[in-house]
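Colleague: take a look and give me a structure for this.
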Amino acid sequence: MIDRTFGFIGGGRITRILLGGLKRADKIPENIVVADINAEILNKVKAEFEKVVLTQDNKEAAKQDVVMLALHPPMIPDVLKDIKDSLKFGSILISLAPKPPIEMISAMLGGFQRIARLLPGAPSIVNKGYNPVVFSTSFSESEKDELMSFFRIFGECFEVAEEKIPAYAVCVTGGPNYLWFQLYELMELGKSFGLSKQEMERGIAGMVQGAVATMFDAGLSAGEVMDLIPMKPFAEEEARIKSIYRSKIQELYQKLKP
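Modeller: Next comes the predicted model:
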């Protein structure tokens, strides 16, 4: 796959995450075009990835062998209309957005069929993503295997039913964002209590791995797991925190459903 030409339409976070993962794995393709109408965003890409070709013309990126659609969903219809005549016969378009579904993407491209959808989580930047993928029916098994091999550069990758993509997007792919601010706060508190940065990094990494293992390997119920530690400084706030989780994530899920 990496011997093909790649075009990224959109130079924002997701593009920089994927390019970062490829660079870290020393598997960054030789020929990459990144398109974005915002020159400042392109400058950020260039500062991190010197060899990429930059353009403000989406059609240039769309002419490549593999086209990565790295846009917010509201921007997608207009961009697809603009690039549909630039896609090459036999090229592949990979949408990195939680919506729209493949059928709608194909319709907006005038019937183009070679479409996949990948949800790359932010940990893909260090090749530790947990990334679901959906393929259109136009791919052979060997083509899917080749794409999956490429996607696994970014971490664990697995095929799912397309209707499950919104749930994965809000509960798994976006999940680190619900935890990171808390873990960074623990980092700062630990350092203020006298632990070094290195001690806190090791401690948080070990704690998170152990906490997840306990959730799924201890054979205990959720209540029994949470009762293993007697300290409960947020006991009075747990109901409110759960309510915030449910309302905010449910709201986001409803926005992503087709």
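Colleague: quick one: the helices in the stretch 51-200 of the chain?
Modeller: Here the stretch 51-200 of the chain has its helices, by DSSP state H, counting those that start in this stretch, at 58-62, 76-83, 102-108, 141-151, 165-168, 175-192, 197-217.
Colleague: tell me the mean pLDDT over stretch 113-132?
Modeller: The pLDDT scores in stretch 113-132 average 97.
Colleague: list the buried residues for that stretch?
Modeller: 114-125, 127, 129-132 (16 or more other CB atoms under 10 Å). Just so you know, the C-beta spots here come from the backbone N, C-alpha and C atoms, and that holds for glycine as well.
Colleague: among those residues, which are located in strands?
Modeller: 115-118, 129-132 (DSSP state E).
Colleague: can you list the domains in this protein?
Modeller: 6-161, 173-256 (automatic domain parsing).
Colleague: of all those domains, which gets the most neighbours per residue?
Modeller: domain 6-161 (a mean of 18; mean count of other CB atoms under 10 Å).
Colleague: that domain: end-to-end distance?
Modeller: Domain 6-161 has an end-to-end distance of 26 Å (criterion: CA to CA, to the nearest Å).
Colleague: check stretch 28-48 too.
Modeller: So stretch 28-48: terminal residues 13 Å apart, CA to CA.
Colleague: how far away from the center of its chain is that stretch?
Modeller: 18 Å (CA atoms, centre = their mean, to the nearest Å).
Colleague: which other residues reach that stretch?
Modeller: 2-12, 15-16, 19-20, 22, 49, 51-58, 60-64 (CB atoms under 8 Å, 6 or more residues apart in numbering).
Colleague: before we move on, what about stretch 80-100?
Modeller: 9, 14, 18, 58-73, 76, 102, 105, 108-110, 112, 114-120, 147, 165-166, 169, 173, 256, 258.
Colleague: for stretch 150-165, same thing?
Modeller: So stretch 150-165 is contacted by 1-2, 18, 21-22, 25, 27, 98-99, 101-102, 117-121, 123-124, 127-135, 144, 148, 168, 256, 258 (CB under 8 Å, 6+ apart).
Colleague: likewise for stretch 103-110?
Modeller: Here stretch 103-110 has contacts from 76-77, 80-81, 83-84, 87, 93, 95, 100, 112-113, 115, 136, 258, using CB under 8 Å, 6+ apart.
Colleague: same question, stretch 125-140
Modeller: Stretch 125-140 is contacted from outside by 16-18, 20-21, 24-25, 102, 106, 113-124, 144, 147-148, 151, 153-162, 164-165, 168, 172-173, using CB under 8 Å, 6+ apart.
Colleague: if we can go back for a sec, adding distance to residue 214, write the ones in strands among the buried residues of stretch 113-132 out as TSV.
Modeller: Below are these laid out as TSV (distance: CB to CB, whole Å):
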residue	distance to residue 214
115	40
116	36
117	33
118	31
129	23
130	19
131	25
132	25
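Colleague: out of these, which comes closest to residue 239?
Modeller: Comparing those against residue 239 with CB to CB places residue 130 closest, at 29.0 Å.
Colleague: residue 124 versus the closest one, what's the distance?
Modeller: Distance, residue 130 to residue 124, by CB to CB, to the nearest Å: 9 Å.
Colleague: ok, residue 158 next?
Modeller: 14 Å.
Colleague: what's the farthest-apart pair in the contacts of stretch 103-110?
Modeller: Across the contacts of stretch 103-110, the longest distance by CB to CB is 23.0 Å; it joins 87 and 258.
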